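1. Generate coordinates for the sequence data below:
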Amino acid sequence: MDTAEASTAVAIPERTELVAMFKSEGGLDPLISRIEAEVRSHVPDVSTKKGRDAIASLAYKVARSKTMLDDAGKTLTEEQRRQINVVDAARRSMRDRLDALKDEARKPLDDWEAAEQERVAAIKARLVRLRDAVPPDDSPDAFAALIARVEATQIDDSWQEFTAEAAPVKDATLARLRDAAELARLRAEAAARAEADRLAAEVAAEAQRKAEQERREAERKAQIDRDKAEAAERAAREAEARARAEAERQAKEAADREAALQRQLAEAKAREEAAAQAERDRIAEAARAEEEARAKRAADAAHRARIQGAIADALESYMQMGAMGVADAIIGGAIPHVRAAL
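-> The predicted structure follows:
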């Protein structure tokens, strides 16, 4: 066994003895029992760093012993491996027991670390509550009660390693709360003044409302009298206006009937003139269309004659070569305006 490895493991027998242990069922039990006894004879001390390091070191030695024993089982000769089931069972049992023993050896340290984490988390939460303290409302009484509770908070050994941090946090929280309390007091005073001003304004507004109501009642009665006089005058004007409007209406109806008759006569005359113009336009358009058709027929006849002349001239020059010569000329494209279908 390597010396460096031995220093990190609980005492392990020589290889030959290990082989014999692996070859017999339960052969490793005495060795594992010795390791268990060595581990359980250790008195854990989590109160000091040296004691905690010793616990971690012991658990690590158990893990290294498990690894070394497992490696020893793996390196058996082929002849020894014929007892593979016994060896593997011994290895499994050894690994399980030493894993459990490692956990058992480390448990005091694990428990201490868990408790330490809870302790630190509790103090940090307490520090956060101190730093973020706020009253349930903005009333001066709520601020005063909270400031008193913060002032009563003792910065003592209960803060442990956070004592130095807790003192300035308490001072900062008190300064913040006192500033906020002063602002709340000023706001409360301003609100009280505003409420007093509002009540005074309501009294003044009520007096003004009553005076305004009396003034409007006097004006209403005077208006009623004026309305009666105006109604009589308006009735007379309306009767006169109705008579005048009726006369104007009758005159307008007569004028409208005359204007309507004149419009009908003018529209009839316009329709006759439009019909006559449309007929003239139709006759002129028909004549123009006929002239265009005649000119197109003449142009088509002249174009056809030119094409016929060109074809005839070309055929005439190839006629002396016989029918085959004419056919070759057509196929070869020598006859204008004629294309062979191949």
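2. would you list every one of the strands in this protein?
-> Counting by DSSP state E, the chain has no strands to list.
3. for it, what spans make up the helices?
-> Listed in chain order, the helices of the chain (DSSP state H) span residues 3-6, 15-23, 29-40, 49-74, 84-131, 140-152, 163-319, 322-331.
4. Which one of those helices lies nearest to His337?
-> Proximity of those to His337 was assessed by C-beta to C-beta; the nearest stretch is helix 163-319, lying at 5.0 Å. The way it works is simple: take the backbone N, C-alpha and C, and place the C-beta from them, glycine included.
5. Packing partners of the closest one?
-> Taking 3 or more C-beta pairs under 8 Å, 6 or more residues apart in numbering; DSSP states H and E as contact, the helices and strands that helix 163-319 lies on are helix 84-131, helix 140-152, helix 322-331.
6. For Ser158, which of those is the nearest?
-> helix 84-131 (8.3 Å).
7. where in the protein is pLDDT low?
-> Residue ranges of the chain with pLDDT under 70: 1-16, 19, 23-24, 75-87, 340-342.
8. Centroid-nearest residue for it?
-> For the chain, the residue sitting closest to the mean C-alpha position, by C-alpha atoms, centre = their mean, is Asp132 at 31.3 Å.
9. Quick one: neighbours of Ile335, just the number.
-> Using other C-beta atoms under 10 Å, Ile335 is surrounded by 20 other residues.
10. who are the neighbours in contact with it?
-> Ile335 makes contact with Ile311, Ala314, Leu315, Tyr318, Val326, Ala329 under the criterion C-beta atoms under 8 Å, 6 or more residues apart in numbering.
11. The fourth one contacts Val326, doesn't it?
-> Yes: distance between Tyr318 and Val326: 4.9 Å, which falls inside the contact criterion (C-beta atoms under 8 Å).
12. ok so, going back, make TSV out of the helices of the chain and add distance to His337 and mean neighbour count.
-> As requested, the helices of the chain are exported to TSV (distance: least, C-beta to C-beta, whole Å; neighbours: other C-beta atoms under 10 Å):
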stretch	distance to His337	mean neighbour count
helix 3-6	112	10
helix 15-23	114	16
helix 29-40	118	16
helix 49-74	105	17
helix 84-131	106	15
helix 140-152	114	14
helix 163-319	5	11
helix 322-331	11	14
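13. In TSV, list those helices along with distance to Val338.
-> As requested, the helices of the chain are exported to TSV (distance: least, C-beta to C-beta, whole Å):
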stretch	distance to Val338
helix 3-6	111
helix 15-23	112
helix 29-40	117
helix 49-74	103
helix 84-131	104
helix 140-152	116
helix 163-319	6
helix 322-331	5
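14. right, so of those helices, which gets closest to Arg339?
-> Arg339 lies closest to helix 322-331 among the helices of the chain, at 8.1 Å (C-beta to C-beta).
15. Show me how far stretch 26-46 is from its chain's centre.
-> Stretch 26-46 has its average C-alpha position 60 Å from the chain's average C-alpha position, going by C-alpha atoms, centre = their mean, to the nearest Å.
16. How about residues contacting that stretch?
-> Among residues not part of stretch 26-46, those counted as contacts by C-beta under 8 Å, 6+ apart are 10-13, 20-22, 51-52, 54-55, 58, 62, 65, 69, 90, 93-94, 97-98, 101, 104-105, 108-109, 111-112.
17. one more time with 6 Å, if that's ok
-> Contacting residues not belonging to stretch 26-46 are listed as 10, 21, 51-52, 55, 58, 65, 90, 94, 97, 101, 105, 108, 112 [C-beta atoms under 6 Å, 6 or more residues apart in numbering].
18. As CSV, could you dump the C-alpha coordinates of stretch 128-136?
-> Taking Å, rounded to 0.1, in the frame of the first residue of the first chain, the C-alpha atoms of stretch 128-136 are listed here in CSV:
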residue,chain,number,x,y,z
VAL,A,128,-33.1,43.0,7.8
ARG,A,129,-36.2,43.5,10.0
LEU,A,130,-34.2,46.2,12.0
ARG,A,131,-33.0,47.8,8.8
ASP,A,132,-36.4,47.8,7.0
ALA,A,133,-38.7,48.6,10.0
VAL,A,134,-41.8,50.6,8.9
PRO,A,135,-44.8,51.7,10.9
PRO,A,136,-48.3,50.2,10.0
